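# coords please:
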Amino acid sequence: MSHRPNRLYLSSDALVANWRALARLSGVAACGAAVKADGYGLGARAVVERLIGAGCRDLFVATWAEADGLADLADAAGVSLVVLHGLREADLPMLGSLPKVRPVLSTAAQVARWRDAAPGRPCDVMVDTGMNRLGIAPGEIVAGLLDGVDVDTLMSHLACADEPAHAMNEAQRARFAALAGRTAARRMSLANSAGIALGADYHFDLTRPGLALYGGVPAAGLTGAICPVATIAAEVLQCRVVRAGETVGYNATWRAAVDTPVAIVNLGYADGYRRALSDRGCAFAGDAPLPVIGRVSMDLLALDARAAAVREGDWVRFDDDLVHVAAASGVSQYELLTGLGQRYERHWS
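Numbering: from 1, shown residues only. You can find the predicted model right below:
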């Protein structure tokens with residue numbers, strides 16, 4: 001039995017079901033997967049193994065260092081592994097050891113670097129259609145920047161896909177669609193998780209979901225299609241009765257109105273359970289809710305245990321609905337997932 005006093009329960013079935021749901025919603029477009037940031041905090045290698053088994057054939061990471069940790073899995077399965085942050089000068093030594101990895105080139109300097117370092121080797125290219133983050137300008141494509149470059153996928157990224165009515169969505173889609181046939185790219189890709197929910201006009205040839213794979217719901221159009229994947233569980237270290245009028249935790253922010261049984265749990269913001277959930281989060285003993293009371297500290301938090309008979313050594317589970325937790329904390333679903341720490345013993349089922 002593990003010595004770790006907190007766990008992350010991870011559902012293979014939910015992960016695979018989410019990818020398959022997003023693949024169905026992508027229509028005729030292929031459905032890839034963003035597995036950057038250590039698989040959004042869940043463990044990239046375990047995530048990739050399950051997604052490949054489900055049929056995913058396009059994987060996206062942020063950096064060459066992340067690609068290095070997954071290339072053996074991608075190579076063995078014959079799937080694409082793509083580095084979203086392009087090709088820096090410092091990345092050049094990685095080209096020889098990762099011969100099948102493709103960068104997403106996003107500047108003229110990167111295109112020139114790729115021409116010199118890997119002539120004839122395929123790449124992907126990011127074009128900026130209005131987000132003003134990474135990407136070459138559409139005018140650079142029209143001017144011939146990519147002439148002679150073997151481009152597998154031309155892509156862009158939506159800035160406001162989680163706001164379906166935002167005018168920028170259609171503006172970006174139209175700018176991107178206007179580039180069809182302007183390069184030798186075999187595929188075009190625009191939609192992230194929320195972009196998939198915008199409809200077929202946004203799917204092009206390949207979609208690139210991230211958050212929704214892992215249980216996040218970034219757009220109302222995905223409600224009901226996505227299942228939670230990760231559930232935090234932690235051990236109760238001490239039980240006590242806090243008398244009426246007494247306080248709990250740093251800065252005495254919670255005061256007992258009546259004598260209250262309180263469970264002190266081995267979980268805190270160092271584990272990624274955010275301080276913003278102080279007096280707002282919730283755990284469960286079975287189906288009984290145990291509200292978080294007082295300040296979440298670095299390694300500990302307190303629960304109001306009036307709804308269940310909790311004892312030292314028991315395990316409690318925390319709310320795994322990312323939409324609920326994000327609303328309670330004011331912290332984005334993305335941050336809640338990717339901020340999960342390394343203290344957890346990860347249990348895949």
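
# Give the buried residues for stretch 152-172.
152-162, 169, 172 (16 or more other C-beta atoms under 10 Å). Just so you know, the C-beta spots here come from the backbone N, C-alpha and C atoms, and that holds for glycine as well.

# In this structure residue 319 contacts residue 281, no?
Yes: using C-beta atoms under 8 Å, residue 319 is in contact with residue 281, at 6.8 Å.

# Which neighbours do the two have in common?
325, 328 (C-beta atoms under 8 Å, 6 or more residues apart in numbering).

# I'd like the buried residues of stretch 152-172 laid out as JSON lines, including secondary structure, pLDDT and distance to residue 132.
Below are the buried residues of stretch 152-172 laid out as JSON lines (DSSP: H, G, I helix; E, B strand; the rest coil; pLDDT from 0 to 100; distance: C-beta to C-beta, whole Å):
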{"residue": "152", "secondary structure": "strand", "pLDDT": "98", "distance to residue 132": "25"}
{"residue": "153", "secondary structure": "strand", "pLDDT": "98", "distance to residue 132": "21"}
{"residue": "154", "secondary structure": "strand", "pLDDT": "98", "distance to residue 132": "18"}
{"residue": "155", "secondary structure": "strand", "pLDDT": "98", "distance to residue 132": "16"}
{"residue": "156", "secondary structure": "coil", "pLDDT": "98", "distance to residue 132": "12"}
{"residue": "157", "secondary structure": "coil", "pLDDT": "98", "distance to residue 132": "11"}
{"residue": "158", "secondary structure": "coil", "pLDDT": "98", "distance to residue 132": "13"}
{"residue": "159", "secondary structure": "coil", "pLDDT": "98", "distance to residue 132": "8"}
{"residue": "160", "secondary structure": "coil", "pLDDT": "98", "distance to residue 132": "13"}
{"residue": "161", "secondary structure": "coil", "pLDDT": "97", "distance to residue 132": "16"}
{"residue": "162", "secondary structure": "coil", "pLDDT": "96", "distance to residue 132": "18"}
{"residue": "169", "secondary structure": "helix", "pLDDT": "98", "distance to residue 132": "15"}
{"residue": "172", "secondary structure": "helix", "pLDDT": "98", "distance to residue 132": "11"}
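
# if we can go back for a sec, more crowded one of residue 319 and residue 281?
residue 281 (23 against 18; other C-beta atoms under 10 Å).

# show me what contacts the more buried one?
With C-beta under 8 Å, 6+ apart, residue 281 has these contacts: 273, 291, 292, 296, 301, 318, 319, 325, 328, 329.

# quick one, strands of the stretch 1-150 of the chain?
6-10, 30-31, 33-34, 58-61, 80-83, 102-105, 123-126 (DSSP state E, counting those that start in this stretch).

# following the lengthiest strand in the chain, which helix or strand shows up next?
The residue-count maximum for a strand in the chain (DSSP state E) belongs to strand 230-242. Using DSSP states H and E, the helix or strand that follows strand 230-242 in sequence is strand 247-248.

# Could you identify the helix or strand that succeeds that following strand?
Beyond strand 247-248 toward the C-terminal end (DSSP H and E), the next one is strand 254-255.

# Same question for the longest strand of the chain: list its buried residues.
Under 16+ other C-beta under 10 Å, the buried positions of strand 230-242 are 230, 231, 232, 233, 234, 235, 236, 239, 242.

# Looking at these, which one is closest to residue 55?
For the buried residues of strand 230-242, the residue nearest residue 55 by C-beta to C-beta is residue 230; the value is 21.8 Å.

# show me the contacts for that closest one.
8, 9, 10, 11, 41, 42, 214, 215, 320, 337, 340.

# The longest helix along the chain versus strand 230-242: what angle between them?
Longest helix in the chain, counting residues (DSSP state H): helix 12-25. Using axes from the mean of the first three to the mean of the last three C-alpha atoms, to 10 degrees, the direction of helix 12-25 lies 130 degrees away from that of strand 230-242.

# after the one helix or strand residue 337 maps to comes which helix or strand?
Using DSSP H and E, residue 337 sits within helix 333-338. Using DSSP H and E, the next helix or strand after helix 333-338 towards the C-terminus is strand 345-348.

# Just checking: what are the partner strands of the longest strand of the chain?
strand 6-10 (antiparallel), strand 260-265 (antiparallel), strand 315-318 (antiparallel) (DSSP bridges).

# Quick one, which of those strands gets closest to residue 207.
strand 6-10 (23.1 Å).

# Which positions within that closest one qualify as buried?
Quick answer for strand 6-10 (16+ other C-beta under 10 Å): 6, 7, 8, 9, 10.

# What of stretch 331-344?
Those would be 331, 332, 333, 334, 336, 337, 338, 339, 340, 343, 344, for stretch 331-344 by 16+ other C-beta under 10 Å.

# Relative to the whole chain's centre, how far out is that stretch?
9 Å (C-alpha atoms, centre = their mean, to the nearest Å).
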